[in-house]
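Engineer: Pasting the sequence and the predicted coordinates here, then a few questions.
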Amino acid sequence: MKRREFLKTSSFFAFLALNQDLYAQEDSNFIKFFGNILFPKKEIIENKKPLKQLSPVDNISSKEKVHKNIYIEESLIPQFNSVRNKLKLIERYVGYGNFNIISFDKMLKIAKYSTKIKNFTQKEIDFLESIFYYDPKYHGFYGQRISKNITDKINKKDIRKIPYTGHYLFKGEPEKTYYKMINDIGDSLILTSGIRSIVKQSKLFLDKLYLVDGNLSLASKSLAPPAFTYHSVSDFDVGKKGFGHANFTSRFALTQEYLKMRKLKYIDMRYTINNKDGVRYEPWHVKII
């Protein structure tokens, strides 16, 4: 069965062998549990060829640490499917805008008390924690960890909803920068993605993994893992009105809006060509800090 056909039927692989260098490393119970799940005995796929067992990652040579095609393990397929489905239901329940800032604890509470969404099981919670606390350097993502705890919340007093966008920005520098850009570039510029909570980034990351057949290396080039996004603290994306999905492709760099952005001295680009984080070129991503 081809990989795409397999994903259409079972929807996915589960999770990968992870680095033990976690922020929760001091918790021996945490390591003991996730060591059993995330350091699988099954071999990992690289370019469709088996690798030796990767446990722990620190024992792997520097050459082996950088793989172009690292895929998710298959053992957690049920958890991946159920978590992804519940996140969709919760987004539908709270609305697109509210889902951008929803906290992990709030997500669990909604699922528990909603008649249409089943309570998250312990295995599903463990799965969500695993994709938050692992070290993505293993598959070629070298960005800085931004969020240390999966339960980190976004204070509603610190944010403001931007009209007609469905997105929020942090008050202060991010909001001021955005409106200054609108003033200098024109109303054709639009906020395409603002604040993203850990829950929001988790959903985006799982959806991206599905689209690339479970290839963690490819997914993290276009979307940071949940704990590594600057959208949770400052950055935002902009685009051209009416340009649709092309705003998130290199085509945006050909627009007049982007050419005008290049002339602004008070903004910078987070992910330039061949950036050190291992992320694709993102001309639409505005760097704040």
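Structural biologist: Noted; the coordinates are in hand. Residues are numbered from 1 along each chain as shown.
Engineer: When you work out contacts or count neighbours from here on, use the C-alpha atoms and nothing else.
Structural biologist: OK.
Engineer: List the buried residues for the longest helix anywhere in the chain?
Structural biologist: If you go by DSSP state H, the chain has its longest helix at helix 77-94. Across helix 77-94, burial judged by 16 or more other C-alpha atoms under 10 Å covers 77-81, 83-84, 86-87, 89-91, 93.
Engineer: Repeat that for stretch 204-216.
Structural biologist: Neighbour-count burial for stretch 204-216 flags Leu204, Phe205, Leu206, Lys208, Leu209, Tyr210, Asp213, Gly214, Asn215, Leu216 (criterion: 16+ other C-alpha under 10 Å).
Engineer: rewinding a little: CA atoms only for the longest helix of the chain - export them in PDB, please.
Structural biologist: Extracted in PDB, the C-alpha atoms of helix 77-94 (Å, rounded to 0.1, in the frame of the first residue of the first chain):
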ATOM      1  CA  ILE A  77      -2.000   6.200  15.100                       C
ATOM      2  CA  PRO A  78      -5.200   6.100  17.300                       C
ATOM      3  CA  GLN A  79      -4.100   9.000  19.500                       C
ATOM      4  CA  PHE A  80      -3.100  11.100  16.500                       C
ATOM      5  CA  ASN A  81      -6.500  10.500  14.800                       C
ATOM      6  CA  SER A  82      -8.600  11.200  17.900                       C
ATOM      7  CA  VAL A  83      -6.600  14.300  19.000                       C
ATOM      8  CA  ARG A  84      -6.700  15.900  15.500                       C
ATOM      9  CA  ASN A  85     -10.400  15.300  15.300                       C
ATOM     10  CA  LYS A  86     -11.100  16.700  18.700                       C
ATOM     11  CA  LEU A  87      -9.100  19.800  18.000                       C
ATOM     12  CA  LYS A  88     -11.200  20.400  14.900                       C
ATOM     13  CA  LEU A  89     -14.400  20.000  16.900                       C
ATOM     14  CA  ILE A  90     -13.200  22.400  19.600                       C
ATOM     15  CA  GLU A  91     -12.200  25.000  17.000                       C
ATOM     16  CA  ARG A  92     -15.700  24.700  15.500                       C
ATOM     17  CA  TYR A  93     -17.200  25.000  19.000                       C
ATOM     18  CA  VAL A  94     -15.400  28.100  20.200                       C
END
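Engineer: residue ranges of the strands in the stretch 51-200 of the chain, please?
Structural biologist: 159-162, 167-170, 189-193 (DSSP state E, counting those that start in this stretch).
Engineer: looking at these, which is buried most?
Structural biologist: strand 167-170 (a mean of 24; mean count of other C-alpha atoms under 10 Å).
Engineer: now the helices for the protein?
Structural biologist: Using DSSP H, helices in the chain cover 3-10, 28-38, 62-65, 77-94, 96-99, 104-113, 122-133, 173-185, 198-211, 216-222, 256-261.
Engineer: how about the ones you listed in a markdown table, adding distance to Lys153?
Structural biologist: Listed next are the helices of the chain as a markdown table, based on distance: least, C-alpha to C-alpha, whole Å:
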| stretch | distance to Lys153 |
| --- | --- |
| helix 3-10 | 33 |
| helix 28-38 | 22 |
| helix 62-65 | 33 |
| helix 77-94 | 16 |
| helix 96-99 | 13 |
| helix 104-113 | 8 |
| helix 122-133 | 14 |
| helix 173-185 | 18 |
| helix 198-211 | 8 |
| helix 216-222 | 23 |
| helix 256-261 | 31 |
